[in-house]
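Engineer: Sequence and computational prediction follow.
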Amino acid sequence: MNEEKKHIVNLATSCIGDSCTTNSATGVNLSRRSLLQGAAAGAASLALVGGLPGAAGAQDEAMIEDIRLGSFGGGSNPQINLNAYSPNRLAGGAFMFETLYIINNYNCEQVPWLAESYEWSADNLTLTFTIREGVLWSDGTPFSAADVEFSFNLIKTTPGLDLESAWNSLASVTAADNTVVFTFATLAIPDFFRICRTQIVPKHQWETFADPVTEVNASPIGTGPFVFESFNGEQVAAVKNEQYWKAERIRIKRLIWQREAGEPQVNQLRLANGEYDWAGMYIPNVEQVFVAKDPEHNKYWFDQGSSIGIGMNLTKEPFNDVAFRKALAFAIDRDKIIQNAQLGYVTAASQTGLKLPGQSAWLNTEIPNEGYIAYDVEAAKTGLADAGYALDGDGRLLTKSGVPIEFRFMVPAGYADWIQAAQIIQENCAAVGITMNVETPDVEIHDQDRASGNYDSYFQVHGGTCDMFQNFYDNFASERSAPIGEAAVSNWIRFENAQLDALTAELATLTDQARQMEIVKELQVILYNEMPVIDIWYGALWFEYRTEKAEGWPSAENPYCSPNPNPHLVLINLVPAGEGA
């Protein structure tokens, strides 16, 4: 499964309590442009980048000396590795390399970065990026379209480097003057996001590497805001890139990552003691453990991640009955789960499949209450009775064939917060006469059983990205499913809906914003009416910060971006303490 147990900083990971879900996954009130449109938006977005909060130019006499972050990764025996395409690279690499566009994970704004704009061809089979002029690599070499062409063809010829599967549907990538043309073998508009997540490396350095897969890149050259300074096994340090194309927006002299302590409590103590300025930890009782230690400076914002809900084996009775699923949704006490199992850190999830309010521009306003399902035990009982489910003399709910309803709910061992949430659902089910048994298999067994359909129910994580196609396709499209006993790709619940299949297929071919939004609104209706997953809460993106040195951090009051995974948008907005608005 994609969820793994973590407690410490990972600026590209969205975590839920003891468990984390990689999202490869958020604002000022920026205009919400199309998910995939952008041909004429470059100039407007460039102005936007210059107009984000904290846009004052850098001053030599007013700089932040350093920002200290959490773990740099590398496991128990960390070694230098700043290979942009290595899954084992140290954390600092994310601040040294850049992409063509940044997708603001909070509101899905497309922010031009190493490219100034892009344009789709009339047949939507070619995507042309116009490359930003005046950008230099950190060694002073001009950045050009040739570097982009080289980077993408490098990961084509060395598939182990293609971490984002950018070549999923590409036929070729070629540079032409100051543009780069991406030609697709088939219509695959959502692969725009794969391209935008792929980092660009310098041709003049990387073409000298004998083996780019094993290369550790100990002297990295990048276009990013920071350049590598040192690594000693205990710390990674990076200093401001004076060649950076937005150097006037970087008000920090140095970034420092520290080696992770062995126990979560030690890392939490470090954070509480002010040893980290920027972290992404799961902390039980964050107000007492962290904020109370220095209320003036210790802050946090846990932005929303993916939706988490009850995934059901839709091939089994009674889960194959939509009336049962809809009635059961009323029986779930979301507030109790949020307050007790999730410590109040999260919010209830909408049944639309959207992450609200960040994606409210895509919301189908005809769906009642924005898709939020109220806790109403009487409504649940009435719905079950109306659907033909009766209680026996012992108060047990019976299937339509007269058998007491009893099912298993599996949660990966060690996911303490999810186990507690499942126990609350167990209580909720008992209140309407249903027996639910919580099981805690090892993660590997959990994943195997989920894929093969050897389960009754589990926690389904879905959506939460700015790729609307992925949000509705991955876990719900028929072609992602498989017969029971065979491993499904990602539609583990075995949901089948011909309308959803047709709509997602069309969505994959569109660049027209109006039609995209029409389709997404239709897809929301399907998830709301069919309820293939009973959504409960949004996973949290852990983010703690300190304002003693720096101000301008994103927050619930000023959510101009999600810090995970948009660190570049954070960096250009930080200013020395006292200069913030």
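Structural biologist: Alright, I've got the coordinates.
Engineer: Next one: residue 411 relative to residue 506, how far apart?
Structural biologist: According to Cβ to Cβ, to the nearest Å, residue 411 and residue 506 sit 36 Å apart. From N, CA and C alone the C-beta is placed, and that goes for glycine too.
Engineer: An error on my part: the question was meant for residue 352.
Structural biologist: Residue 352 sits 19 Å away from residue 506 when distances are taken as Cβ to Cβ.
Engineer: Which one's more surrounded, those two?
Structural biologist: A count of neighbours by other Cβ atoms under 10 Å puts residue 352 above the other of residue 352 and residue 506, at 26 against 16.
Engineer: Can you tell me the element the more buried one falls in?
Structural biologist: Here residue 352, judged by DSSP states H and E, is contained in no helix and no strand.
Engineer: how near is it to residue 535?
Structural biologist: Distance, residue 352 to residue 535, by Cβ to Cβ: 8 Å.
Engineer: What of residue 541?
Structural biologist: Distance, residue 541 to residue 535, using Cβ to Cβ: 17 Å.
Engineer: do residue 496 as well
Structural biologist: Here residue 496 is placed at a distance of 19 Å from residue 535 (Cβ to Cβ).
Engineer: and what of residue 157?
Structural biologist: Going from residue 157 to residue 535 by Cβ to Cβ gives 42 Å.
Engineer: next one: residue 334
Structural biologist: Counting by Cβ to Cβ - residue 334 and residue 535 are separated by 9 Å.
Engineer: repeat for residue 557
Structural biologist: As judged by Cβ to Cβ, residue 557 and residue 535 stand 26 Å apart.
Engineer: okay, the two: which has more neighbours?
Structural biologist: Neighbours were counted for residue 557 and for residue 535 using other Cβ under 10 Å; residue 535 has more, 27 against 6.
Engineer: so that one touches residue 350, yeah?
Structural biologist: Yes - between residue 535 and residue 350 there is a contact under Cβ atoms under 8 Å: 6.8 Å.
Engineer: Touching both of these two, which residues are there?
Structural biologist: Taking Cβ atoms under 8 Å, 6 or more residues apart in numbering as the criterion, residue 535 and residue 350 both touch residue 307.
Engineer: ok so residue 236 is a strand residue?
Structural biologist: Yes - per DSSP: H, G, I helix; E, B strand; the rest coil, residue 236 lies within a strand segment.
Engineer: got any ranges where this structure has weak pLDDT?
Structural biologist: Scanning the chain for pLDDT under 70 picks out 1-61, 581.
Engineer: Is residue 171 within a helix or a strand, and which one?
Structural biologist: Going by DSSP H and E, residue 171 is in strand 170-176.
Engineer: May I see the buried residues of that strand?
Structural biologist: Under the neighbour-count criterion of 16 or more other Cβ atoms under 10 Å, strand 170-176 has 170, 173, 175 buried.
Engineer: And for stretch 321-340?
Structural biologist: Buried, per 16+ other Cβ under 10 Å, within stretch 321-340: 321, 324-334, 336-338.
Engineer: Distance from the chain centre to it, please.
Structural biologist: 25 Å (Cα atoms, centre = their mean, to the nearest Å).
Engineer: quick one, what contacts the closest residue to residue 134 other than its chain neighbours?
Structural biologist: Using Cβ to Cβ, 6 or more residues apart in numbering and skipping residues adjacent in sequence, the residue nearest residue 134 is residue 245, 6.2 Å away. The contact partners of residue 245, taken as Cβ under 8 Å, 6+ apart, are 132, 134, 135, 136, 223.
Engineer: Going by distance to residue 564, which of the residues you listed wins?
Structural biologist: Residue 564 lies nearest to residue 223 out of these, by Cβ to Cβ, at 21.5 Å.
Engineer: So for that closest one, what's the nearest residue that isn't a sequence neighbour?
Structural biologist: residue 98 (5.0 Å).
Engineer: Quick check, that neighbour in contact with residue 112.
Structural biologist: No - under the criterion of Cβ under 8 Å, residue 98 is not in contact with residue 112, lying 11.4 Å apart.
Engineer: And the helices in the stretch 451-581 of the chain?
Structural biologist: With DSSP state H, counting those that start in this stretch as the criterion, the stretch 451-581 of the chain has helices at 468-473, 498-507, 513-530, 567-571.
Engineer: Nearest to residue 300, out of the ones you listed?
Structural biologist: helix 567-571 (14.2 Å).
Engineer: tell me which residues in that closest one are buried?
Structural biologist: Neighbour counts using 16+ other Cβ under 10 Å place 567, 568, 569, 570, 571 of helix 567-571 among the buried residues.
Engineer: and that helix, what does it pack onto?
Structural biologist: With contacts taken as 3 or more Cβ pairs under 8 Å, 6 or more residues apart in numbering; DSSP states H and E, helix 567-571 sits against no other helix or strand.
Engineer: which residues of the stretch 301-450 of the chain fall in helices?
Structural biologist: 322-331, 334-336, 377-386, 416-430, 443-452.
Engineer: Tabulate those (TSV), appending distance to residue 406.
Structural biologist: Below are the helices of the stretch 301-450 of the chain laid out as TSV (distance: least, Cβ to Cβ, whole Å):
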stretch	distance to residue 406
helix 322-331	14
helix 334-336	22
helix 377-386	15
helix 416-430	10
helix 443-452	18
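Engineer: thinking again about what came up before, most neighbours per residue, which of the helices of the stretch 451-581 of the chain?
Structural biologist: Stretch with highest mean neighbour count among these: helix 468-473 (a mean of 25; mean count of other Cβ atoms under 10 Å).
Engineer: which residues touch it?
Structural biologist: 35, 189-190, 193, 353-354, 362, 462-465, 480, 500, 503-504, 507-508, 516, 520, 523, 527.
Engineer: Can you give the distance from that helix to the centre of its chain?
Structural biologist: 13 Å.
Engineer: ditto for stretch 462-477
Structural biologist: 11 Å.
Engineer: Same check on stretch 238-249?
Structural biologist: Relative to its parent chain, stretch 238-249 has a centroid offset of 27 Å by Cα atoms, centre = their mean.
Engineer: Using neighbour counts, pick out the buried residues of that stretch.
Structural biologist: Neighbour count says stretch 238-249 has 238, 240, 241, 243, 244, 245, 246, 249 buried, by 16+ other Cβ under 10 Å.
Engineer: Of these, just say which sits nearest to residue 549.
Structural biologist: Among these, and counting by Cβ to Cβ, the member closest to residue 549 is residue 240, at 14.6 Å.
Engineer: Report the contact partners of the closest one.
Structural biologist: Counting by Cβ under 8 Å, 6+ apart, residue 240 touches 225, 226, 227, 247, 250, 252, 253, 254.
Engineer: what's the farthest-apart pair in the residues you listed?
Structural biologist: 247 and 254, at 14.5 Å, using Cβ to Cβ across the contacts of residue 240.
Engineer: How many residues are close by residue 102?
Structural biologist: 23.
Engineer: Doesn't it belong to a strand?
Structural biologist: Yes - membership of residue 102 in a strand is supported by three-state DSSP.
Engineer: my read: it touches residue 111, true?
Structural biologist: Yes - counting by Cβ under 8 Å, residue 102 touches residue 111, with 4.4 Å between them.
Engineer: and for those two, which residues touch both?
Structural biologist: Contact with both residue 102 and residue 111 is made by residues residue 569, according to Cβ under 8 Å, 6+ apart.
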